[in-house]
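Trainee: Can you look at this prediction? I've put the sequence above it.
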Amino acid sequence: MALTESAVDGAASADASAAQVPPQGSRARRIPVAADGILRRQSQRESAARTYARSLPIVPVRARGLTIEGADGRRYLDCLSGAGTLALGHNHPVVLEAIRGVLDSGAPLHVLDLATPVKDAFTTELFANLPPALAADARVQFCGPAGTDAVEAALKLVRTATGRSGLLAFTGAYHGMTAGALDASGGAVDVRVTRLPYPQDFRCPFGVGGIEGAELGARWTENLLDDPKGGVPAPAGMIVEPVQGEGGVLPAPDAWLRRMREITRARGIPLIADEVQTGVGRTGAFWGMDHAGVVPDVLVLSKAIGGSLPLAVIVYRADLDVWAPGAHAGTFRGNQLAMAAGTATLAYVRENRLAERAAALGERMLTALRGLASAHPCIGDVRGRGLMIGVELVDPDTGACAPALAAAVRQECLDRGLIVELGGRHSAVVRLLPPLTLTDEQAAAVLDRLADAIPAAARRPY
């Protein structure tokens, strides 16, 4: 299943060590740290809300590119990438150089929202990579350093600008963990938004999938908004992910996204694109909405734009900028190190055409995984866009989601030195989010380890 085409020129050569693939279960030569004690103390001291620490009981001590070294000396291929944060992988040289440059310059590290040369360089590079129609007349708001705060800012912005309070969101969505973001997410308990069907082929809510299923969802949305008895007053905005990540790696059809843009524009509803996970080349275009040629009114950004450090912004049409001073603030919205790292990351992705690389390599990985699915009936579906890939595990007899099998696959992957995580409605989707600097050799190693893990998990009780 190895992929043999050469990597993009310069993309991997900037860090030769990042291209090396450690053997399965390999150990480094350094003296191990007492990992068991660290894990025990974490369990005793940290809250029950721990997530990744439960399913990935490792203690990272060093990392480079795709590879993480644990305190036990083992090395792993990291296809979680900080939940999509590490566009260039761990400790990329251009990111480290940018951070050291700020540290060595004596520049202030905390400046609230004051103007600095570091911030100016970041906004200049960000605007250079925006869709031209948005960049020509846009404003940027620096938020608290997490994506969920940027979502909150976007919701507050459109509600202030329109004078309306309602919101349109989609089934399966994930927009963060704060109150407003959770309301817009698919797992909301106390729903205060109008929930619309998100298109998907494998488990289409209308039972048809494809173009027809997406069109039915668009017609439902349009009818609901125009029905005087539909119970949906004019909303303040619609928020959508170009690819639902936590929802199970579901790419939105391009034609459907264009319909959502037409529907919202015709009714004066601001369209918010949540690109926290899909932005900066992840899906094979610089922004996930670019595939459809859709320009949103508000773009929500975090994760990769900070170059591995905390940073979150919203970019939006200037006519929506009706906030009073201080209407949305945050003590750590002036993260200078993250802005420097983000500038370096944005420029590197652009200059080395890593979005195009992600599109080509991602398509080859999807093809290989679909070939694997033909031999293993427990693989119900393989889907994704660019280097955002999902493999849904099912019961071969019933086709029902198989979360226990997916968890077993994750563990078998970890045993083989491969870090993956789960997503989807029932946590039955194995997700791959490798860095955009992934080489062909590394991609082949990832696929080979996953190909070993799936039948091994299927054979054992779970």
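Mentor: Perfect, I can see it now. Computed from a predicted model, the values in this text were never measured in an experiment.
Trainee: Any idea how many residues pack against Ala451?
Mentor: By the criterion of other CB atoms under 10 Å, Ala451 has 17 neighbours. C-beta: built from backbone N, CA, C; applies to glycine.
Trainee: how much space between it and Gly371?
Mentor: Ala451 sits at a distance of 10 Å from Gly371 (criterion: CB to CB, to the nearest Å).
Trainee: Ok, Lys119 next?
Mentor: Distance from Lys119 to Gly371, by CB to CB: 47 Å.
Trainee: These two: who's more crowded?
Mentor: Between Lys119 and Gly371, counted using other CB under 10 Å, the more crowded position is Lys119 (20 against 13).
Trainee: Identify the residues contacting the more buried one.
Mentor: Residues near Lys119 by CB atoms under 8 Å, 6 or more residues apart in numbering: Val111, Phe142, Gly334, Gln336, Met339.
Trainee: Return the alpha-carbon coordinates of the helix or strand hosting it using PDB.
Mentor: Here Lys119 sits within helix 117-129, counting by DSSP states H and E. Backbone C-alpha positions of helix 117-129 (Å, rounded to 0.1, in the frame of the first residue of the first chain) are rendered in PDB as follows:
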ATOM      1  CA  PRO A 117       5.200  45.000  14.100                       C
ATOM      2  CA  VAL A 118       4.600  41.300  14.800                       C
ATOM      3  CA  LYS A 119       0.800  41.800  14.600                       C
ATOM      4  CA  ASP A 120       1.100  43.900  11.500                       C
ATOM      5  CA  ALA A 121       3.100  41.200   9.800                       C
ATOM      6  CA  PHE A 122       0.600  38.600  10.800                       C
ATOM      7  CA  THR A 123      -2.500  40.500   9.500                       C
ATOM      8  CA  THR A 124      -0.600  41.400   6.300                       C
ATOM      9  CA  GLU A 125       0.100  37.700   5.600                       C
ATOM     10  CA  LEU A 126      -3.400  36.700   6.700                       C
ATOM     11  CA  PHE A 127      -5.100  39.200   4.300                       C
ATOM     12  CA  ALA A 128      -2.800  38.100   1.500                       C
ATOM     13  CA  ASN A 129      -4.200  34.600   1.800                       C
END
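Trainee: got the buried residues for that helix?
Mentor: Val118, Lys119, Ala121, Phe122, Thr123, Glu125, Leu126, Asn129 (16 or more other CB atoms under 10 Å).
Trainee: Can you give the distance of it from its chain's centre?
Mentor: Counting by CA atoms, centre = their mean, to the nearest Å, helix 117-129 is centred 22 Å from the centre of its parent chain.
Trainee: Give me the contact list for the next helix or strand after that helix.
Mentor: For helix 117-129, the following helix or strand on the C-terminal side (DSSP H and E) is helix 132-135. For helix 132-135, the surrounding residues in contact (CB under 8 Å, 6+ apart) are Phe127, Ala128, Val295, Pro296, Leu299, Val315, Arg317.
Trainee: Ok, stretch 48-66 next?
Mentor: 15, 17-19, 28, 30, 33, 35, 38-39, 42, 46, 68-72, 74, 76-80, 89-92, 407, 410-411, 414, 419, 421-422, 434-435, 437-438, 442.
Trainee: Please identify which of the contacts of helix 132-135 is nearest to Met365.
Mentor: Leu299 (27.1 Å; CB to CB).
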